[in-house]
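# Have a look at this prediction, sequence included:
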Amino acid sequence: MTNPIVTRFAPSPTGFLHIGGARTALFNWLYAKAKGGRMLLRIEDTDRRRSSEEAVEAILAGLKWLELDWDGEPVFQHAHQARHREIAEALLAEGMAYKCYCSSEELTEMREKARAEGRPPVYDGRWRDRDPGDAPPDVDPVIRFKSPREGETVIDDAVQGPVRVANSELDDLILLRSDGTPTYMLSVVVDDHDMGITHVIRGDDHLTNAARQLQLFVALDWQTPQFSHVPLIHGSDGAKLSKRHGALGVEAYRDMGYLPAALRNYLVRLGWSHGDDEIFSTEELIKWFDLDAIGRAPARFDFAKLESLNSHYINTSPDETLIAAIRALPDQLLNQHGLVGDTENWQKLTRALPVLKPRARTLIDIIEGARFLFATRPLTMDAKADKILSDQSVEVLRELLAELETSAAWDVPSLERDVRGFIEANDIKMGAVAQPLRAALTGGTTSPGIFDVLALLGRDEALERIRDRL
RNA sequence: GCCCCCUUCGUCUAGUGGUUAGGACGCCAGGUUUUCAACCUGGAAACAGGAGUUCAAUUCUCCUAGGGGGUGCCA
């Protein structure tokens, strides 16, 4: 056994943890777990102006909700600025970097000209070998890396395979800004090295960056990590993820009633596969996950499949897990679906859970399904329920009520026996009794099995709800 | 514009130089049924296009088209 595996998830704190970031985190987490290594968390806050405390909190909260833990304390890149600067200075001292005094106007002009001439829009290296004596007096220079001009850089990517980029396409990147602060490109390389990162797993929007970073690793004579660039996730229309479809924070998925386990299972199948398997326990994932089974094509986000998985996890999760997940939802959301969190309602919900689960695809469905239990008499009938309660149906209910009032026990088996006896005696169909009864008891036309509804409501409440309709 | 990456049912994907190209979600039909969901049975549905290599290409190579990413003193 050589070096232990060390991966890292390195989000920039400019917003919440979106779905793509969540999958990247998952892959890093799984790979570390699969190989008995560690996953570190690094906040890439090099650009102070665009970073925020709230975003950091949102990202940490998102990871926790997804149940993806990291090893050690989060590393804030910003805190290592002095170290990053030191490396840049060392490169400068060794002649592997230089000061560039170009103005941004000059740079823009350079790019536009190159583009117009059909050449790669890169910095032309005009200060690369220029006499420092030419330096304009009032300009603070940036420090640029002297990157190789000939040949090519090959990224031996574990997902993409060998990716070759001509060095002429890569210009002399900026290490230190004119205000002396390090850029992202420098910081990642130094931090990945200092943190002992062995495997970099990230979105393939970083693929070309990898070539530049590779050059830096080589110049510094540092061991390069194994790169894995994972294709991005697209929205359902194939376009880049935007606020509409997938670019929601993971907490938005929580609020839609998805379980973390379901989201993880969905996400891992977006790009990774293990034969025809679809459902994985965390243990199986850790046992089977590997880089070579990650695909190279971008995937589209599909809510229908997520829902189907969620339904599976709802039905296989212990009731306590479900109740805890519902309790973790914002109060406002709960109230919106008729659930005021008093003890009595939580008890009703818990008791009803077994019959609610099979017909729910999300936690929201569960709450909605239990809504009739929270409601107070007299119930308001929706349009369909109102229609079902015709004069004739009400008569049926009146007769059934008499029957139920004498019912000895109020549990599902005896209730069912009573009602079936009633329909046989009156020679009517089950539907002719169940539907009016359902309407009277729930105010609607869909619910769990009618005997369950009767039992859940309890004798007094059920009987009263029927009397309310007579 | 320039560079890089990608392309199997609607979607996620499996797969191989010779297969009836498999699974899942969704969809359609039927069954079951007290509603809804579930469940059971059956069905429609894909190798982007064109060359080349080969006895044989979905599979290997090239081109085209389409999609995505990058192209910052952002990360």
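Perfect, thanks for sending it. Numbers count the residues shown, from 1 in each chain, chains lettered A, B, ... in the order given.
# and the gap between A:Tyr204 and A:Ile294?
To be clear, residue A:204 is Asp; Tyr isn't right here. 11 Å (CB to CB, to the nearest Å). All C-beta spots, glycine's among them, are computed from the backbone N, C-alpha and C.
# now do A:Phe227
12 Å.
# same thing with A:Pro436?
56 Å.
# what does A:Ser390 give?
The value you get for A:Ser390 to A:Ile294, if CB to CB is used, is 60 Å.
# swap in A:Pro260?
For A:Pro260, the distance to A:Ile294 (CB to CB) stands at 21 Å.
# Check A:Pro358 too.
From A:Pro358 to A:Ile294 the distance is 34 Å (CB to CB).
# Which one of these two is surrounded by more residues?
A:Ile294 (21 against 11; other CB atoms under 10 Å).
# which residues does that one contact?
Counting by CB atoms under 8 Å, 6 or more residues apart in numbering, A:Ile294 touches A:Phe27, A:Val159, A:Ser228, A:Val230, A:Gly271, A:Trp272.
# I'd like those written out as TSV, with neighbour count and secondary structure added.
Listed next are those as TSV, based on neighbours: other CB atoms under 10 Å; DSSP: H, G, I helix; E, B strand; the rest coil:
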residue	neighbour count	secondary structure
A:Phe27	26	helix
A:Val159	21	coil
A:Ser228	22	strand
A:Val230	29	strand
A:Gly271	20	coil
A:Trp272	24	strand
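# Would you format those as a markdown table with distance to A:Asp179 included?
Below are the contacts of A:Ile294 laid out as a markdown table (distance: CB to CB, whole Å):
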| residue | distance to A:Asp179 |
| --- | --- |
| A:Phe27 | 35 |
| A:Val159 | 36 |
| A:Ser228 | 34 |
| A:Val230 | 34 |
| A:Gly271 | 39 |
| A:Trp272 | 42 |
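# What is the nearest of these to RNA strand B?
A:Gly271 (4.0 Å; CB to the nearest atom of the strand).
# so the closest one makes contact with A:Gly295?
Yes - with contact defined as CB atoms under 8 Å, A:Gly271 reaches A:Gly295; the gap is 5.3 Å.
# okay, and the common contacts of the two?
In contact with both A:Gly271 and A:Gly295: A:Pro231, using CB under 8 Å, 6+ apart.
# ok, A:Ser393 touching A:Pro436?
Yes - here A:Ser393 reaches A:Pro436: they are 3.8 Å apart, a contact under CB under 8 Å.
# More neighbours: which of these two?
A:Pro436 (23 against 19).
# Which secondary structure element is home to that one?
helix A:430-442 (DSSP states H and E).
# Give the buried residues for that helix.
By neighbour count with 16 or more other CB atoms under 10 Å, helix A:430-442 contains the buried residues A:Val433, A:Ala434, A:Gln435, A:Pro436, A:Leu437, A:Arg438, A:Ala439, A:Ala440, A:Leu441, A:Thr442.
# Which ones among those also lie next to RNA strand B?
A:Ala434, A:Gln435, A:Arg438 (CB under 7 Å from any atom of the strand).
# Out of these, flag the one nearest to A:Ile155.
A:Arg438 (62.7 Å; CB to CB).
# now stretch A:453-461: how far from the chain's centre is it?
The chain centre lies 40 Å from the centre of stretch A:453-461; the measure is CA atoms, centre = their mean, to the nearest Å.
# correction: stretch A:260-279
13 Å.
# for stretch A:401-421, same thing?
48 Å.
# same deal with stretch A:380-390?
Worked out by CA atoms, centre = their mean, stretch A:380-390 lies 41 Å from the chain centre.
# Quick one: mean pLDDT for that stretch?
Taken as a whole, stretch A:380-390 has a mean pLDDT of 91.
# what do you get for stretch A:210-224?
96.
# Quick one: list the elements packing against the one helix or strand A:Val200 maps to.
A:Val200 belongs to strand A:199-203 when assigned by DSSP H and E. Counting contacts by 3 or more CB pairs under 8 Å, 6 or more residues apart in numbering; DSSP states H and E, strand A:199-203 is packed against strand A:6-9, helix A:19-34, strand A:226-230.
# Tell me which of the ones you listed sits nearest to RNA strand B.
strand A:226-230 (7.8 Å).
# So is the closest one next to RNA strand B?
No - taking CB under 7 Å from any atom of the strand as the criterion, strand A:226-230 and RNA strand B are apart, separated by no less than 7.8 Å.
# Give me the packing partners of that strand, helices and strands only.
helix A:19-34, strand A:152-157, strand A:199-203, helix A:207-220.
# Output these in a markdown table; the columns should cover distance to RNA strand B.
Converted to a markdown table, these look like this (distance: least, CB to the nearest atom of the strand, whole Å):
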| stretch | distance to RNA strand B |
| --- | --- |
| helix A:19-34 | 10 |
| strand A:152-157 | 8 |
| strand A:199-203 | 8 |
| helix A:207-220 | 4 |
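# Out of those, indicate the one that is most buried.
helix A:19-34 (a mean of 24; mean count of other CB atoms under 10 Å).
# Output the contacting helices and strands for the next helix or strand after that one.
In the C-terminal direction, the helix or strand that comes right after helix A:19-34 (DSSP H and E) is strand A:38-43. Judged by 3+ CB pairs under 8 Å, 6+ apart, the packing partners of strand A:38-43 are strand A:6-9, helix A:19-34, helix A:53-65, strand A:75-76.
# any chance of the ones you listed in TSV, with mean pLDDT too?
Formatted as TSV, those follow (pLDDT from 0 to 100):
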stretch	mean pLDDT
strand A:6-9	98
helix A:19-34	96
helix A:53-65	95
strand A:75-76	96
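# closest one to A:Asp192 among these?
strand A:6-9 (7.2 Å).
# How far away from the center of its chain is the closest one?
The answer for strand A:6-9 is 18 Å, by CA atoms, centre = their mean.
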